[in-house]
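# pasting a predicted model and its sequence here:
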Amino acid sequence: IMKIKSLLLGSAAAMMTVSTAQAADIIIPEPEVVEYVRVCEAAGTGFFYIPGTETCLRIGGYVRYDLGFGELNDVTAADGEETWNKRARASFRVSTWADTEY
């Protein structure tokens, strides 16, 4: 039993030594330079430069949701019960700007 125990402990120690030696040999590549978004002050509020270009972009819009219930504009349902309504609106806007000769 002692021989088996010694063999198992020796094998575990050898495996740990081999795995740490391999981990030390790994070459870690240099991280790539990250180009952050730049603000485009020449175009106005909300514009930013599209990375790799001199074109500015602005993204905007809104979402609106209305919900009403009860006697709406003195209208009731066909069965005489009170009614309810819902309405959703959305707007998505994209604007671009570039400094040109024109």
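Happy to help now that I have it.
# what are the ranges of the helices in the chain?
2-24 (DSSP state H).
# point out where it drops to low pLDDT.
For the chain, applying pLDDT under 70 flags the ranges 1-9, 12-25, 71-82.
# and if we set it to 50?
Within the chain, not a single segment meets pLDDT under 50.
# give me the neighbour count for the residue nearest to Glu41 when sequence neighbours are not counted.
Among residues not flanking Glu41 along the chain, Phe47 sits closest, at 8.0 Å (CB to CB, 6 or more residues apart in numbering). C-beta coordinates here come from the backbone N, C-alpha and C atoms, glycine included. Residues near Phe47, counting by other CB atoms under 10 Å, number 18.
# list the contacts of Phe47.
39-41, 56-58, 95, 97 (CB atoms under 8 Å, 6 or more residues apart in numbering).
# now with 6 Å, please.
Each residue near Phe47 by CB atoms under 6 Å, 6 or more residues apart in numbering is listed here: 40, 56, 58.
# quickly note the distance from it to Thr83.
Phe47 sits 45 Å away from Thr83, going by CB to CB, to the nearest Å.
# again, but for Val37
For Val37 relative to Thr83 (CB to CB), the value is 48 Å.
# please say which of those two ends up with more neighbours.
Thr83 (14 against 10).
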